[in-house]
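**Q** sequence and predicted structure are below.
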Amino acid sequence: MDEKEPVGVIGVGWVGVVTAACLAELGHEVWARDIVEEKVASLSRGEVPIHEPGLPELVAKNKDRLHFSADMAPVLEHARLLFVCVDTPPTYSGDADLSRVEAVLEELGDSNDHALVMKSTVPVGTGRSIQRRRDGLAYVANPEFLKEGSAVEDFMKPDRVVIGAEDDSARFADRVQALYAALDAPVVRTDVASAEMIKLASNAFLATKISFINEIANVSEELGADVSEVARGMGLDDRIGWKFLRAGIGYGGSCFPKDVQALKQLAGNSGYHFQLLTAVVEVNELQKRRTIGKLQKHLGSLVGKEIALLGVAFKPHTDDIREATSLVLSGRLAGEGASVRVYDPVAAAKADSMLAGARIADSAMDALDGADAAVLVTEWPEFAELDWAEVKRRMRFPLIVDGRNFLDREALIEAGFVYEGIGR
Ligand code: UGA
């Protein structure tokens, strides 16, 4: 077997581009395809249409090994392993929409020359159902565990690589495993359904951890404890671990909300009521809205108040606004009669139409000038570097709601701000 096997990547959204660029970096010829022609055109010019640290450099460095096309033919011609990286967004019912996966299957027709390597997050049972319908088609589940903002590093230094396959596809699973050999990561080989479940269960567990610490934060506010201290003390227990114990104004993004919902729904469809996940979702929704109460506590009615939102992206180092807390907050604030200004170093323009009439500011200072309160929504590093003394002079009322416990509380209080964090 060729050590540097050529690979196909179908769908160059965020997961697809990262996968393509990283496999090229590992020395493979990558044949990538997307139905959106503009995306293909810009990637072919070496322009990366998403904000992901390190990715443009990787695409530029490996441009000779990266072949983008809007046509499936070159992919099928040059590669046997086809990494499926298409979107599987939630439908209104909370189930995953698999139409893009189905479209890929349709394009393959009856040919069994290729192996589908599923990177897209799909419901448990998808692989089995595809193999039942498409007798003889090799199928490997290879879920991704990439975090936006550190996806390149997560790909290159994974905690684990999960590869699920049934016996009839084992030799393709071996070939997929060989692609990751250089990464020196533990490999978990399982059946397909378990691999699918590992992905959903991992995201659901992390979301649970966040909702848990957010509830501890809310209780801490009432009882006078500081959730940051609590998380530090808890996290040192190896069994708990300190990661994903940062309290805040709720998780967002394209993955946690969707995957928690999908697992809950899958359980429900199988006749099981996943009670814990119902609470995880509810806590997260309430957490986003608690900010309103914190503003009202100091400002009274929000009618006519000028509120600055610092950060629009669902987390820093990305321009992704899917399920971002900023969208919920701007809508709720507008509903309360407030005027909202938002600033984000990369994501604001993208969110313009979804921000309920908020004014997009040119800079953080522009958003804060004359504001009655500021809510830190996304912990972009530049917000810690702001000239807060100047901010104090410019704000009409110096109220800061630090939705990520990110700013220097003591320094802000000393500078004369009214500071509200989360759980402290
Ligand atoms: C998440 C998972 O972390 C990845 O492992 C997974 O591959 C990915 O979903 C996916 O399924 O594709 P991502 O959504 O990019 O990655 O971002 P995270 O860093 O996990 O953050 C998700 C949300 O949780 C953000 O809104 C973040 O602010 C929030 N969060 C995270 C907290 O509120 N507290 C924390 O302690 C950590």
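**A** All right, it came through fine.
**Q** for the ligand, what are the nearby residues on this structure?
**A** Residues of the chain lying near the ligand by C-beta under 6 Å from any ligand atom: 121, 144-148, 203, 206, 210, 244-246, 248, 251-253, 255-256, 259, 314-315. From N, CA and C alone the C-beta is placed, and that goes for glycine too.
**Q** among those residues, name the ones in helices.
**A** The members of these that map onto helices under DSSP state H are 203, 206, 210, 256, 259.
**Q** pick out the most distant pair among the residues you listed.
**A** Farthest apart among those by C-beta to C-beta are 210 and 259. That separation is 12.9 Å.
**Q** the nearest residue to residue 273 once chain neighbours are set aside: neighbour count?
**A** Distances taken as C-beta to C-beta, 6 or more residues apart in numbering place residue 267 nearest to residue 273, at 7.1 Å, with adjacent residues excluded. Using other C-beta atoms under 10 Å, residue 267 has 16 neighbouring residues.
**Q** for the remainder of this discussion, apply numbering that starts at 513.
**A** Happy to do that; since the first residue is 513 now, the last one works out to residue 779.
**Q** where in the chain is pLDDT low?
**A** Flagging of the chain using pLDDT under 70 yields the residue ranges 513-514.
**Q** according to the record, where do the domains of it fall?
**A** Structural domains of the chain, as assigned by automatic domain parsing, span the residue ranges 519-702, 740-932.
**Q** tell me where the stretch 813-936 of the chain has helices.
**A** With DSSP state H, counting those that start in this stretch, the ranges of helices along the stretch 813-936 of the chain come out as 837-847, 860-863, 876-880, 893-896, 900-906, 921-926.
**Q** right, and residue 790 touches residue 775 too?
**A** No: Residue 790 is beyond contact range of residue 775, at 11.1 Å (criterion: C-beta atoms under 8 Å).
**Q** more neighbours: the two, which one.
**A** For residue 790 versus residue 775, neighbours defined as other C-beta under 10 Å are more numerous around residue 775 (23 against 13).
**Q** for the more buried one, which non-adjacent residue is closest in space?
**A** Spatially, and ignoring its direct neighbours in sequence, residue 775 is nearest to residue 712 (4.5 Å; C-beta to C-beta, 6+ apart).
**Q** same check on residue 561?
**A** residue 554 (5.4 Å).
**Q** without its sequence neighbours, what residue ends up closest to the residue in the stretch 563-712 of the chain that the ligand sits nearest to?
**A** The stretch 563-712 of the chain approaches the ligand most closely through residue 660 (3.5 Å), counting by C-beta to the nearest ligand atom. Nearest non-adjacent residue to residue 660, counting by C-beta to C-beta, 6+ apart: residue 830, 4.3 Å away.
**Q** that neighbour: what's it in contact with?
**A** Residue 830 sits next to 562-564, 660-661, 858-859 when contact means C-beta atoms under 8 Å, 6 or more residues apart in numbering.
**Q** rerun at 10 Å
**A** 526, 562-565, 659-663, 765-766, 836, 858-859, 890 (C-beta atoms under 10 Å, 6 or more residues apart in numbering).
**Q** list only buried entries from these.
**A** With neighbours counted by 16 or more other C-beta atoms under 10 Å, these contain buried members at 526, 562-564, 660-661, 663, 765-766, 836, 859, 890.
**Q** sketch out the helices for the stretch 513-662 of the chain, chain order is fine.
**A** Secondary structure of the stretch 513-662 of the chain (DSSP H, counting those that start in this stretch): helices at 526-537, 549-556, 567-573, 585-590, 611-620, 638-645.
**Q** tell me what the third one is packed against?
**A** Secondary structure elements in contact with helix 567-573, counted by 3 or more C-beta pairs under 10 Å, 6 or more residues apart in numbering; DSSP states H and E, are helix 526-537, strand 578-581, helix 663-668.
**Q** any chance of the ones you listed in TSV, plus distance to residue 783?
**A** TSV is the format used below for these (distance: least, C-beta to C-beta, whole Å):
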stretch	distance to residue 783
helix 526-537	31
strand 578-581	44
helix 663-668	35
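**Q** distance of the closest residue to residue 628 other than its chain neighbours relative to residue 705?
**A** Nearest residue to residue 628, sequence neighbours excluded (C-beta to C-beta, 6+ apart): residue 651, at 5.2 Å. According to C-beta to C-beta, to the nearest Å, residue 651 stands 11 Å off from residue 705.
**Q** among these two, which residue is more densely surrounded?
**A** Applying other C-beta under 10 Å to residue 651 and residue 705 shows that residue 651 carries more neighbours, namely 23 against 16.
**Q** spatially nearest residue to the residue nearest to the spatial centre of the chain, not counting backbone neighbours?
**A** Residue closest to the mean C-alpha point of the chain, counted by C-alpha atoms, centre = their mean, is residue 765 at 4.3 Å. Sequence neighbours aside, residue 826 is the residue nearest to residue 765 in space, at 4.4 Å (criterion: C-beta to C-beta, 6+ apart).
**Q** contacts only, for that neighbour.
**A** When contacts are taken as C-beta under 10 Å, 6+ apart, residue 826 is in contact with 660-661, 762-769, 832-839, 859, 889-890.
**Q** what is the neighbour count of the residue nearest to residue 775?
**A** Close neighbours of residue 712, defined as other C-beta under 10 Å, add up to 23.
**Q** that one belongs to a helix?
**A** Yes: with DSSP: H, G, I helix; E, B strand; the rest coil as the criterion, residue 712 is part of a helix.
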